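>>> From the sequence below, what's the structure:
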Amino acid sequence: MKSADKENVSGKPLSNSQHPTGKMCMPCPFDNFSDGTLYTRYNILNVLETRPFNLIDPAHEFKLLTNTEKALEEDIMMKFSNEVSRFAAACMNSRTNGTIHFGVCDNLRGEIKGIKVSKKEAYVDLLNKLIGKYFNEQYTSVAKACIKELRFVEVLLQNRTPPHMFVIEIDVVPKHCSCDTKYFCTNTYKYKSKSWKKAVFVQYGASSKSIQNTKEFETFKGILTSLADSHKRAEEEYKLKQKKSINEGLKLVSLLTGNRDSLDSSYYDYYILVSPDATQVKLHI
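Got it, this is the predicted structure:
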């Protein structure tokens, strides 16, 4: 009998009780494409799939893209497109930053599985095409500014070998300078009727919903200007905090180096670095 902490090599799917116990891990930094983060299969993303309590911290949504083994690639791409446009429009209308993660279980607390990606370029091309297909023409430039490029995060097995699988992540950043006081109506594809339908999506708990042709839509339009103003203030406050953080970092560098260009023994005899867990710390020198 195989132990639960070894990767299954038989090709048969494991039950939830047979999967290795995953560790908690942090997602890739928001709106960052140079971090170099890797995920490990069956680990758990340490973020809640819910709307945050402010307008700056990103909302997270997980999608596994299940039942794709026998599906046509065209159908998979259509499902991917629908989910991206829905999530992006919901973030833009709710003025909430957000990340949608494809290849992460949405019914198992954010367990990382990964999805097979044969051609990254196919997803990149699809993202560029779907904006014009799903968003009204007058808002395509706004959508392109808010929907960031795809981030392919490699998923390693428990033994740290690559299974050639990825988590695909897309960040949405609805800046006030782009969205202003607009709301965004999108086209969404209905699989059962095989037709297109208008929708106005907003963030709702751990997911999103369309409020098109509802009383909630009229209420939403009434508070949109106030919501946009709140998001603008939140952006300004966040920028001030970031600037203060950078200034404090420069002060620390100045103290350590004696206001010189390099760190050596000419200013202090000893430097002591204290870390709670040096094996997990990345040092950039």
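>>> Could I get the pLDDT score of E69?
The per-residue pLDDT reported for E69 equals 58.
>>> can you check V104 too?
What the model reports as pLDDT for V104 is 94.
>>> so what's the backbone phi/psi at the most centrally placed residue in the chain?
Per Cα atoms, centre = their mean, the C-alpha nearest to the average position across the chain is that of T99, at 2.4 Å. Dihedral pair for T99: phi -130, psi 130, per degrees, to the nearest 10.
>>> Quick one: residues contacting it.
Applying Cβ atoms under 8 Å, 6 or more residues apart in numbering to T99 gives the contacts P27, F30, P58, A59, H60, E61, E169, I170, D171, V172. Quick note: C-beta positions are derived from backbone N, CA and C, even for glycine.
>>> so A89 sits in a helix?
Yes - membership of A89 in a helix is supported by DSSP: H, G, I helix; E, B strand; the rest coil.
>>> For it, give its distance to N32.
23 Å (Cβ to Cβ, to the nearest Å).
>>> more neighbours, these two?
A89 (29 against 12; other Cβ atoms under 10 Å).
>>> thought the more buried one was touching T186?
Yes - using Cβ atoms under 8 Å, A89 is in contact with T186, at 4.6 Å.
>>> Between those two, which contacts overlap?
Common neighbours of A89 and T186 (Cβ under 8 Å, 6+ apart) are Y134, F135, A199, V200, F201.
>>> count of neighbours near S207?
16.
>>> tell me which element the closest residue to it other than its chain neighbours is part of?
Among residues not flanking S207 along the chain, E61 sits closest, at 6.7 Å (Cβ to Cβ, 6 or more residues apart in numbering). Assigned by DSSP states H and E, E61 belongs to strand 59-63.
>>> try S208
strand 207-210.
>>> What strands line up against that strand, and which way round?
Take DSSP bridges as the rule and strand 207-210 pairs in its sheet with strand 201-204 (antiparallel).
>>> quick one: pLDDT of the residue nearest to S207?
94.
>>> what's around it, how many residues?
24.
>>> now swap in F217 and tell me
So F217, with other Cβ under 10 Å, has 15 neighbours.
>>> Spit out the contact partners of the closest residue to it other than its chain neighbours.
Nearest non-adjacent residue to F217, counting by Cβ to Cβ, 6+ apart: I211, 4.4 Å away. By Cβ under 8 Å, 6+ apart, the contact set of I211 is V200, F201, V202, F217, F220.
>>> let's see it at 7 Å
V200, V202, F217, F220 (Cβ atoms under 7 Å, 6 or more residues apart in numbering).
>>> Noted, bye for now.
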